[in-house]
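J.: Sequence and predicted structure, then a few things I'm wondering about:
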Amino acid sequence: MTIQISIPARRSLRTLVAGGAGFIGSHICDTLLRRGDTVVCIDNLHTGSLRNIRPLLNHPNFSFIEHDVREPLDLEGRLDRVYNLACPASPPHYQQDPVGTMKTCVLGTLNLLELAREKSARILQASTSEVYGDPEVHPQPETYVGHVNTIGPRACYDEGKRAAETLMFDYQRMYGLDIKVARIFNTYGPRMHENDGRVVSNFIVQALRGAPITVYGSGSQTRSFCFVDDLVRGLEMLMESPASVTGPINLGNPHEMSIEAIAREVLACTQSASTLEFKPLPVDDPKRRKPVITTAERLLGWRPQIPLRKGLEATIAYFALEVAGRAPSGPNRRPPRRPGRAQLALARSQ
């Protein structure tokens, strides 16, 4: 089932999406093009993929520039909006090059802020719930300043995003720049990277292949999972909110569940015979994560609408098309449940 979302009408804009070939960024490109915007997508393709935007490459209002935001961008013509999603978001990816990750967060944000300032454009920073670290306050409101290990293996991302938020608000104070900051909690859906190390994609791929489901720690640690369509709607609503609404604003699903529970939900949806395999918890991995979204509800009128089961079905349908044909045989492998037509249609539309 596709849920119809109402977004206030506005004039067509020219919008830059940094990281636009990535998981969330490519969905934003889709949405903006459907609204009649002209979209300039930039990505260095480190974790993004041309596959995510290939259907858009022949669109008359879409252009792609392979570019690393750590380098300044010279863009001709007017620019109305900038979405900054240009950073690896999964621990295995951002930990591969921690210095590069920090540079992307800081230098990349600085370069995009300079571009937005030059063009008098509004800019939205895709920040993260990781700014809260392993929280000592639960659930997490925007007023919580966090509990982050500045020298740990996740710090390049956590501290990089915190520094990016600082730059955003300093540019607002110094130059009057029109800014928006969204703190994104765990998001899932079609176009997630098969090997990105995040919970939902890991579990689905392992279940489809009949491999053991890797659960780190006891499985009692919690997350709150938001389907990508809900998140993109929230990002657009924040971007188009009054200038006085700057954020930071939490965007995520307040329905908290344990890692073991989500693993078993994936097993039920895929009808997989995979078993759970428990491994030690990585360093600084948060024990609990749940957003307080009263600010988003009050200022944006936003809250998630897509139920977990329907979101998982669409995500499983996507991965079934991507990886099921390459799944190894083995005693624990059952053929994955064939996705229904509605799930396939939703996955292909993403």
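T.: Good, I have the coordinates.
J.: okay, CA-based contacts and neighbour counts for the rest of this
T.: Fine.
J.: following the host helix or strand of N52, which helix or strand comes up?
T.: Taking DSSP states H and E as the definition, N52 sits inside helix 50-53. Sequence order places strand 62-66 as the next helix or strand after helix 50-53, per DSSP H and E.
J.: Skipping adjacent residues, who's closest to G22 in space?
T.: Excluding the flanking residues, the one nearest G22 by C-alpha to C-alpha, 6 or more residues apart in numbering is G48, at 4.0 Å.
J.: returning to what we had before: can you give the contact residues for the helix holding N52?
T.: The contact list for helix 50-53, computed with C-alpha atoms under 8 Å, 6 or more residues apart in numbering, reads 21-23, 26, 191.
J.: neighbours around the residue nearest to G22, how many?
T.: 24 (other C-alpha atoms under 10 Å).
J.: residue contacts, it?
T.: Residues near G48 by C-alpha under 8 Å, 6+ apart: 19-23.
J.: pLDDT averaged over the helix holding N52, what's the number?
T.: Computed over helix 50-53, the mean pLDDT rounds to 97.
J.: swap in stretch 103-115?
T.: 97.
J.: How far does it sit from its chain's centre?
T.: 19 Å (C-alpha atoms, centre = their mean, to the nearest Å).
J.: Contacts for that stretch, please.
T.: Here stretch 103-115 has contacts from 68-74, 82, 84, 86-87, 123, 125, 157, 160-161, 163-164, 167-168, 171, using C-alpha under 8 Å, 6+ apart.
J.: Let's see that with 6 Å instead.
T.: For stretch 103-115, the external contacting residues (C-alpha atoms under 6 Å, 6 or more residues apart in numbering) are 69-70, 72, 160-161, 164.
J.: Which of those residues sits closest to T187?
T.: Using C-alpha to C-alpha, K161 comes nearest to T187 of the contacts of stretch 103-115, at 16.8 Å.
J.: got a pLDDT number for that closest one?
T.: Reading off the model, K161 has pLDDT 96.
J.: and the gap between it and L110?
T.: Counting by C-alpha to C-alpha, to the nearest Å, the gap between K161 and L110 amounts to 12 Å.
J.: of those two, who's got more company?
T.: Neighbour tally, K161 and L110, criterion other C-alpha under 10 Å: the higher count belongs to K161, 27 against 21.
J.: element containing the more buried one?
T.: helix 155-175.
J.: how about that helix as CSV, C-alpha atoms only?
T.: Only the C-alpha atoms of helix 155-175 are listed here, as CSV (Å, rounded to 0.1, in the frame of the first residue of the first chain):
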residue,chain,number,x,y,z
ALA,A,155,34.1,9.8,16.5
CYS,A,156,35.0,10.7,12.9
TYR,A,157,31.3,10.6,12.1
ASP,A,158,29.8,11.6,15.4
GLU,A,159,32.1,14.6,15.9
GLY,A,160,32.2,15.4,12.2
LYS,A,161,28.4,15.8,12.2
ARG,A,162,28.5,17.8,15.4
ALA,A,163,31.1,20.2,13.9
ALA,A,164,28.9,20.5,10.8
GLU,A,165,25.9,21.6,12.9
THR,A,166,28.2,24.2,14.5
LEU,A,167,29.2,25.6,11.1
MET,A,168,25.6,25.8,10.0
PHE,A,169,24.6,27.9,13.0
ASP,A,170,27.7,30.0,12.9
TYR,A,171,26.9,30.9,9.2
GLN,A,172,23.4,31.8,10.2
ARG,A,173,24.7,34.1,13.0
MET,A,174,27.5,35.7,11.0
TYR,A,175,25.9,36.0,7.6
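J.: That helix packs against which elements?
T.: If you count contacts as 3 or more C-alpha pairs under 6 Å, 6 or more residues apart in numbering; DSSP states H and E, helix 155-175 packs onto helix 98-103.
J.: again, 10 Å this time
T.: Contact here means 3 or more C-alpha pairs under 10 Å, 6 or more residues apart in numbering; DSSP states H and E; on that basis helix 155-175 packs against helix 91-96, helix 98-103, helix 109-119, strand 122-128, strand 179-184.
J.: Dump those to CSV, plus distance to G146.
T.: Below are those laid out as CSV (distance: least, C-alpha to C-alpha, whole Å):
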stretch, distance to G146
helix 91-96, 18
helix 98-103, 18
helix 109-119, 21
strand 122-128, 12
strand 179-184, 12
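J.: quick one: which of the contacts of helix 50-53 is most hemmed in?
T.: A21 (31 neighbours).
J.: What distance do you get for it to I53?
T.: Relative to I53, and taking C-alpha to C-alpha, A21 is found at 6 Å.
J.: next one: V205
T.: 22 Å.
J.: Could you do V228 as well?
T.: Distance of V228 to I53, computed by C-alpha to C-alpha: 16 Å.
J.: picking that back up, return every residue with contacts to both of A21 and I53.
T.: With contacts defined as C-alpha atoms under 10 Å, 6 or more residues apart in numbering, the residues adjacent to both A21 and I53 are 27, 29, 41, 64.
J.: is it fair to say I42 lies in a strand?
T.: Yes. I42: assigned to a strand according to DSSP: H, G, I helix; E, B strand; the rest coil.
J.: In this structure it contacts A18, no?
T.: Yes. Using C-alpha atoms under 10 Å, I42 is in contact with A18, at 4.9 Å.
J.: So which residues of the stretch 201-350 of the chain form helices?
T.: 228-239, 259-270, 294-300, 308-323, 341-349 (DSSP state H, counting those that start in this stretch).
J.: Just say which of those is most tucked in.
T.: Each of the helices of the stretch 201-350 of the chain was scored by mean neighbour count; the highest is helix 228-239, a mean of 23, by mean count of other C-alpha atoms under 10 Å.
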